[in-house]
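1. sequence? don't have it. structure:
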């Protein structure tokens, strides 16, 4: 099945890269940037003058990203078949850039009007884990709360793989959807009635670590990958997909529109099948290549630039335009000159570490890696 799926992709674009999926990640990152530079900035800091438009739909960029992550990471792990290698490659890609972002943001908070209270050594150290919310700390860069959710998803995905349930994921997904539904309702009740008790604190940690609110979105991506790769019965997969949608909107605290969820499933499916050729155009390929750096660095850095320019007399639209140009250029320079060479170096070092563990007498081969750069 997996070989057939890969061959299908190779016949479509000549590589194992699915450009349309890359482009969806780019669209999610651009949507988040526009949300933070319009609605978020106006709400938190306030423009001097009228911006003239607003993009208040940041939550939908996050929703699309989690669904896409479910699809891509399921595909990557199934191809790689090496859970340790999968996890190490994820961490090597994520954390060096994340720590550099954290250093920059500590500096920005100290020297600019960026709003963050409680800049203590504890807050910085817990932010360095990328899991501060689980321990009751705010993120210094607000957008990185989603990275915490992503990291917990990796652990859940690996647990499914190691227990063998990933080969037939429907029963596990259905049980987890039940846990999400019952758990969220129970935790809401505890936090509403006993907000100041230890039970509420434990409930908060469990909700974060088990990603109860967001697992249905990842499940949609996993299920769509099952459908596209002809794994299992399509009718069963679509049935659990429908259940995932129901559970997500039953526990949703941010009032996502179910029609948008359905549209995202259709868009993700069409992209996976290669039916959206527009998304293979060069601008999408470029933004996809810098999307992680753009995600990490745009918010506090861009808001600092907007604040400085707008308070020196530039119009809101010009201040925002300059901020966008700067953070896109910064993300591109960082990606091509720092992130990619650094990631290649770290992965090469990792391969040298694991190579001696290979069976004597066999050629050492690097694990097959997905070309989708998440």
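-> All right, it came through fine. Predicted, not measured: the structure shown is a model, and the values here were computed from it.
2. so where is this protein shaky, pLDDT-wise?
-> Judged by pLDDT under 70, the chain has its weakly predicted residues at 1-17, 195-196, 355-374.
3. Residue 41 is in what secondary structure piece?
-> In this assignment (DSSP states H and E), residue 41 forms part of helix 41-44.
4. actually residue 262, not the one I wrote
-> helix 258-272.
5. And for the helix holding residue 41, what's in contact with it?
-> Contact partners of helix 41-44, identified using C-beta atoms under 8 Å, 6 or more residues apart in numbering, comprise 47, 51, 54, 115, 303, 306, 320. Where you see a C-beta, it was placed from the backbone N, CA and C, and this is true even at glycine.
6. Distance check, the nearest residue to residue 146 once chain neighbours are set aside against residue 84.
-> Leaving out its chain neighbours, the residue that sits closest to residue 146 by C-beta to C-beta, 6 or more residues apart in numbering is residue 62, at 5.7 Å. For residue 62, the distance to residue 84 (C-beta to C-beta, to the nearest Å) stands at 29 Å.
7. Neighbour count for those two, which is higher?
-> Legend: neighbour count by other C-beta atoms under 10 Å for residue 62 and residue 84, higher for residue 62 (21 against 12).
8. residue contacts, the more buried one?
-> 28, 32, 146.
9. Ranking by neighbours, what's the top pick from those?
-> Neighbour max across the contacts of residue 62 (other C-beta under 10 Å) = residue 32, 27 neighbours.
10. Quick check: that residue vs residue 39, distance?
-> For residue 32, the distance to residue 39 equals 11 Å [C-beta to C-beta].
11. any common contacting residues for these two?
-> residue 58.
12. How about residues contacting the helix holding residue 262?
-> 18, 20-21, 23-24, 60, 63-64, 67-68, 71, 220-221, 224-225, 227-228, 241, 245, 248-249, 276, 279.
13. So what's the gap between the helix or strand following that helix and the chain middle?
-> Going down the chain from helix 258-272, the next helix or strand is helix 282-289, by DSSP H and E. Distance of helix 282-289 from the chain centroid (C-alpha atoms, centre = their mean, to the nearest Å) equals 17 Å.
14. Please identify the buried residues of helix 282-289?
-> Residues of helix 282-289 classed as buried: 284, 287, 288, 289 (neighbour count, 16 or more other C-beta atoms under 10 Å).
15. Then stretch 30-45?
-> For stretch 30-45, a neighbour-count test (16+ other C-beta under 10 Å) marks 30-41, 45 as buried.
16. Among these, name the ones in strands.
-> Applying DSSP state E to the buried residues of stretch 30-45, no entry is found in strands.
17. From the contact counts, what lies against the helix ranked longest in the chain?
-> Across the chain, the helix with the greatest residue count (assigned by DSSP state H) is helix 83-111. Counting contacts by 3 or more C-beta pairs under 8 Å, 6 or more residues apart in numbering; DSSP states H and E, helix 83-111 is packed against helix 58-80, helix 121-128, helix 145-162, helix 291-310, helix 340-354.
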